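K.L.:
Have a look; sequence and predicted model below, questions after that.
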Amino acid sequence: MMKQFTGLIFLCIISFFSIGGNADSSLISDLCKHCDDPKLCLSTIKSRPESGEFAATSNQIEIIAISVASSDASATSAYIKEKLSHEDLEPATEATFEDCQKNYQDAVEQLDDSISAMLADAHADVDVWLHAAISAIESCATELESRGGNDAELSKRNEVFLKLCKNALVINKMLS
């Protein structure tokens with residue numbers, strides 16, 4: 001179900017981008033230079049195929065930034081699912097991973113809601129959904145540190161995800 005919904009969102013994004021015109025690399029650079037991690041912002045947005053052809057407006061670039069975070073969250077959710085498949089996990093570690101799995105699933109939904117809000121040009125709603133996604137993964141990071149299951153890879157993934165969301169948040173604030 002989630003893959004179908006994500007596929008539908010992607011098709012909406014491509015349709016939305018098709019209206020826009022040609023990419024403006026300097027626009028991407030101008031937006032990313034205000035982010036906490038400009039290099040990550042620039043590299044992740046430019047790495048997306050749709051950025052080369054369809055990113056002609058700030059809103060389109062914002063949607064790509066949110067899509068990058070959503071893809072990252074989906075990949076991390078899959079990573080956690082794989083870790084949970086190991087039967088030799090300690091109970092505290094398993095509980096932490098289960099909570100983080102739910103948090104990442106929530107984050108993906110919140111980012112999908114952010115994209116829908118961007119398509120409606122509702123920047124205040126985008127802000128709410130991005131903050132909710134950030135909060136969900138901050139909870140995962142806190143649990144990982146305090147409750148058990150300290151997993152260096154998941155900690156790293158949490159950091160990257162938070163940076164991606166914060167980059168999208170900065171771009172959104174610039175547009176509203």
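P.N.:
Noted; the coordinates are in hand.
K.L.:
Low-confidence ranges, this protein, go.
P.N.:
1-24, 52-55, 148-149 (pLDDT under 70).
K.L.:
Okay, buried residues for the helix or strand Ala69 falls within please.
P.N.:
Element membership for Ala69, per DSSP states H and E: helix 58-84. Neighbour counts over helix 58-84 (16 or more other CB atoms under 10 Å) mark 58-74, 76-77, 79-80, 83 as buried. The way it works is simple: take the backbone N, C-alpha and C, and place the C-beta from them, glycine included.
K.L.:
Just the angle for the helix or strand following it relative to helix 58-84, thanks.
P.N.:
Counting by DSSP H and E, the element after helix 58-84 in chain order, helix or strand, is helix 91-119. Counting by axes from the mean of the first three to the mean of the last three CA atoms, to 10 degrees, helix 91-119 lies at 160 degrees to helix 58-84.
K.L.:
The nearest residue to Glu159 once chain neighbours are set aside: what's it in contact with?
P.N.:
With sequence-adjacent residues excluded and distances taken as CB to CB, 6 or more residues apart in numbering, Glu159 is closest to Ala141, at 7.9 Å. By CB atoms under 8 Å, 6 or more residues apart in numbering, the contact list for Ala141 reads 155, 158-159, 162.
K.L.:
coming back round to it: show me what the helix holding Ala69 packs onto, helices and strands only.
P.N.:
Contact here means 3 or more CB pairs under 8 Å, 6 or more residues apart in numbering; DSSP states H and E; on that basis helix 58-84 packs against helix 2-20, helix 25-32, helix 38-47, helix 49-54, helix 91-119, helix 123-146, helix 152-175.
K.L.:
Just give the number of residues close to Leu40.
P.N.:
Residues lying near Leu40 (other CB atoms under 10 Å) number 17.
K.L.:
what's the spacing between the residue nearest the centre of the chain and Asn150?
P.N.:
The residue lying closest to the centre of the chain (CA atoms, centre = their mean) is Ala69, at 1.7 Å. Going from Ala69 to Asn150 by CB to CB, to the nearest Å gives 24 Å.
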